[in-house]
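> how would this look folded up:
(chains A and B)
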Amino acid sequence: MFLIIKRLWQVNWAEQWQYRANLIMYLLYWLVSPIIYLAVWTSIANVKGEVNGFTANDFITYYMVLLIVDQITSNIIIHTFAYKIQDGSLSGELIKPIHPMLTNALVNNVAFKMLTIMGLVPIWIILFFLYKPDFSSVSLVGILLAIPAMLLAFFIGYLFSAAITSLAFWTTRVYSIHEFYFALILLFSGQFVPLTLMPQIIQDIAQYLPFQLLIYYPIQLILGRLSVEQIIHGYVMSFVWLGVALLFFNWVWRNGVKRYSAVGA
Amino acid sequence: MYALKLLSAFFKVNVQMALAYRADTIVNILLNLMWLGWELLSLSIIFSNTETLGGWGIGELIALLGVFRLVNTLMIALIWPNTEKFNQSIRDGSMDYTILQPVNSMFLVTFSRITVWRIWDLVLAVILIVIGINMSGDVTSPLQILTFVLLAITGTIVIYSLWIILIALTFWFTKFDNNVTILQALMDAGRYPVTVYPVWLRVIVTFIIPIAVATTIPLQALRGELVSGQVLMYIAISIVSFLVASIVWKAGLKRYSGASS
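The predicted structure follows:
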């Protein structure tokens, strides 16, 4: 198994590396909106002194940590996999004795992530010198606690996205469904603004959804804003949602593959 | 006239294509409404915490959202689908047929695909602009409205020219599929007035990828903040950028050698 993963890694790393120019474009694309939100909210905080208890520095640290967390927990499986179901090129992968989504596509995603993080580092450093944030609330413990939380979040997000991608077995409109899913993330994950600034009703709903685990919870962990109780609660939620995501993905995948009749077969 | 005839032919073909995928069209319109809801919600969240953003009130930001959606519609209805077709044609060599036509190749590449249902988005954008201006309470004279329309057009021309330059780069770097991603990415910066951005970002979206030229600046005209010299300057910029784009396009075409030869 290790050998398989190693070989998959070599192939996927080489493949992603080949498209590094595209990768930089992706990275830019994805960087822009957090930087815009950062600019909008710091400008408000600078005028008013503080927004609901958030100072300009709070916003800067929030979005700068968000850049890293989002990069780690997000995935691109819809873009690398849905077309394989639609055009039938999945057939070749299905006859291999390894799970297409949980091995090859997963390794591909991680390779993509490693490269984009390499690209993010210099940009992050530039932003650091532009904004000179005060990271005094960040502790080593917070970071160490956040690493497993981010790994869990990545797998939760990955399994949900994989399940949505697998809907391509039924419908060609999987990209529209994914767009809707993406809007939910925007609304409930804290990507637009720290969740406490959202309307109360959205905060209440967010408690029962997995999306805040993807972004808001790891950021709060890193910034050291959570009590012990909240940290434990977050971890419990992460494991529960991981289980739900796993079951959901498995169910969609099994039924989907049964329906699959390769294009042109 | 010949161009108009061609345009209407393209339009008819694209309407037929859209009608073949009716369910998709409906889903897309619903998604579009969803994003409008999100945009208004995000504005209301911002303005529940402040009265002005970069000196602009909520009415002005709604009007700006309208202008932003105008430009964004141009991106989605014309630029995206045609870029996709163009990239494809470079890779498989079908660009040959485009060049062989007795029509300006830039014209063909610009208009051969149109996402027709997006036209309703233009109506929506105009409604947003009208509502926003009414809410803002800015007094607008016919002259201001005229400069607004004029600057919206010149801004659009600037963005269009940039697009042509970006896709023309594909002639040099064959594998450059994300050639317009940077345009689309920075597009989002047009949602807010550039006055809220730090200087470096303002410079990027005004001079390098000039999104603001098509969004913030027309609205500044509507607010009566521009002097006639500035208006003339933007007109001049749009003419120059269009000329530069045509030159780059022609130079790129010369580099094109077909995919199979």
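
> what about the closest residue to A:N57 other than its chain neighbours, neighbour count?
Spatial nearest neighbour of A:N57, chain neighbours left out: A:D134 (5.1 Å); criterion: CB to CB, 6 or more residues apart in numbering or on different chains. Bear in mind the C-beta positions are built from the backbone N, C-alpha and C, glycine included. As a burial measure, A:D134 scores 12 neighbours (other CB atoms under 10 Å in any protein chain shown).

> where does A:D134 sit: helix, strand or coil?
coil (DSSP: H, G, I helix; E, B strand; the rest coil).

> sketch out the low-pLDDT regions of chain B for me.
Flagging of chain B using pLDDT under 70 yields the residue ranges B:174-177, B:258-261.

> which parts of it sit against chain A?
Where chain B comes near chain A, counting by CB under 8 Å from any CB of the partner chain, the residues are B:23-24, B:27-28, B:31, B:34-35, B:38, B:42, B:45-46, B:48-50, B:52-54, B:173, B:175-179, B:181-182, B:184-186, B:188-189, B:191-192, B:196-198, B:200-201.

> ok, now which ones touch the residue most central in space within chain A?
Computing the C-alpha centroid of chain A and ranking residues by CA atoms, centre = their mean puts A:S74 first, at 1.7 Å. Counting by CB atoms under 8 Å, 6 or more residues apart in numbering or on different chains, A:S74 touches A:154, A:157, A:214.

> out of those, flag the one nearest to chain B.
The closest of the contacts of A:S74 to chain B turns out to be A:L214 (CB to the nearest CB; 17.6 Å).

> burial of the closest one, as a residue count?
Residues lying near A:L214 (other CB under 10 Å) number 27.

> ok, back up a step: whichever of the residues of chain B next to chain A end up buried, select them in PyMOL.
Buried members of these, defined by 16 or more other CB atoms under 10 Å in any protein chain shown, are picked up in PyMOL with:
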select buried, chain B and resi 27+28+31+42+46+49+50+53+54+176+177+178+179+181+182+184+185+186+188+189+191+192+196+197+201
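
> picking up where we left off before, backbone torsions only: list them for the residue nearest to the centre of chain A.
Main-chain torsions, A:S74, degrees, to the nearest 10: phi -80, psi 170.

> how about the helices in chain B?
Assigned by DSSP state H, chain B shows helices spanning B:2-20, B:22-47, B:58-74, B:80-92, B:95-100, B:105-111, B:119-136, B:142-168, B:181-187, B:199-203, B:211-214, B:216-222, B:228-255.

> and those helices, which is most packed in?
helix B:211-214 (a mean of 27; mean count of other CB atoms under 10 Å in any protein chain shown).

> what helices or strands is that helix leaning on?
Using 3 or more CB pairs under 8 Å, 6 or more residues apart in numbering or on different chains; DSSP states H and E as the contact definition, the elements that helix B:211-214 packs against are helix B:58-74, helix B:142-168.

> now render the ones you listed as TSV, adding distance to A:L27.
Converted to TSV, these look like this (distance: least, CB to CB, whole Å):
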stretch	distance to A:L27
helix B:58-74	22
helix B:142-168	17
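
> so which of the helices of chain B is nearest A:V47?
helix B:22-47 (12.2 Å; CB to CB).

> now do the closest one: which elements does it pack against?
helix A:174-188, helix B:58-74, helix B:119-136.

> at 7 Å what do you get?
Judged by 3 or more CB pairs under 7 Å, 6 or more residues apart in numbering or on different chains; DSSP states H and E, the packing partners of helix B:22-47 are helix A:174-188, helix B:58-74.

> and those helices as a markdown table, adding distance to B:T110?
Output for the helices and strands packed on helix B:22-47, formatted as a markdown table (distance: least, CB to CB, whole Å):
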| stretch | distance to B:T110 |
| --- | --- |
| helix A:174-188 | 25 |
| helix B:58-74 | 11 |
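
> quick check: phi and psi on A:F54?
Dihedral angles (degrees, to the nearest 10) for A:F54: phi -90, psi 120.

> now it: how far from A:T42?
Remark: distance between A:F54 and A:T42 (CB to CB, to the nearest Å) = 10 Å.

> what of A:L130?
Per CB to CB, A:L130 is found 11 Å from A:T42.

> check A:V138 too.
According to CB to CB, A:V138 and A:T42 sit 18 Å apart.

> go on, A:N22?
31 Å.

> give me the more crowded residue out of the two.
Neighbour totals were compared for A:N22 and A:T42, and A:T42 leads with 22 against 16 (other CB under 10 Å).

> closest point of the stretch 151-265 of chain A to chain B, which residue?
For the stretch 151-265 of chain A, CB to the nearest CB, closest residue to chain B: A:S176, 4.8 Å.

> spit out the contact partners of that residue.
Applying CB atoms under 7 Å, 6 or more residues apart in numbering or on different chains to A:S176 gives the contacts B:27, B:31.

> B:V27 now?
Going by CB under 7 Å, 6+ apart, B:V27 touches A:173, A:176.

> check A:I117 too.
Counting by CB under 7 Å, 6+ apart, A:I117 touches A:Q71.

> that one belongs to a helix?
Yes: under three-state DSSP, A:I117 falls within a helix.

> need the pLDDT of it.
For A:I117, the model assigns a pLDDT of 90.

> how close does it sit to chain B?
A:I117 sits 18 Å away from chain B, taking CB to the nearest CB, to the nearest Å as the criterion.

> separation between the residue positioned nearest the centre of chain B and chain A?
Closest to where the C-alpha atoms of chain B average out (CA atoms, centre = their mean) is B:V71, at 3.5 Å. Here B:V71 is placed at a distance of 15 Å from chain A (CB to the nearest CB).

> contacts only, for that residue.
Counting by CB under 7 Å, 6+ apart, B:V71 touches B:156, B:159, B:190, B:214-215.

> those: which two are farthest apart?
Distances among those were taken as CB to CB; the most separated pair is B:T156 and B:G190, at 11.8 Å.

> coming back round to it: just put the contacts of A:S74 in JSON lines and tack on secondary structure and distance to B:I119.
JSON lines is the format used below for these (DSSP: H, G, I helix; E, B strand; the rest coil; distance: CB to CB, whole Å):
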{"residue": "A:F154", "secondary structure": "helix", "distance to B:I119": "41"}
{"residue": "A:G157", "secondary structure": "helix", "distance to B:I119": "36"}
{"residue": "A:L214", "secondary structure": "helix", "distance to B:I119": "36"}
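
> from these, which is closest to A:Y260?
Closest approach to A:Y260 among the contacts of A:S74 (CB to CB): A:G157, at 24.2 Å.

> I'd assumed A:I72 was in contact with the closest one.
No: using CB atoms under 7 Å, A:G157 is not in contact with A:I72; the gap is 10.0 Å.

> surely A:L106 is within a strand?
No: under three-state DSSP, A:L106 falls outside any strand and is assigned helix.

> show me how far the helix or strand containing A:I68 is from its chain's centre.
In the assignment (DSSP states H and E), A:I68 maps to helix A:56-73. Computed by CA atoms, centre = their mean, to the nearest Å, the chain-centroid distance of helix A:56-73 equals 13 Å.

> okay, the angle between it and helix A:174-188?
Angle between the axes of helix A:56-73 and helix A:174-188 is 150 degrees (criterion: axes from the mean of the first three to the mean of the last three CA atoms, to 10 degrees).
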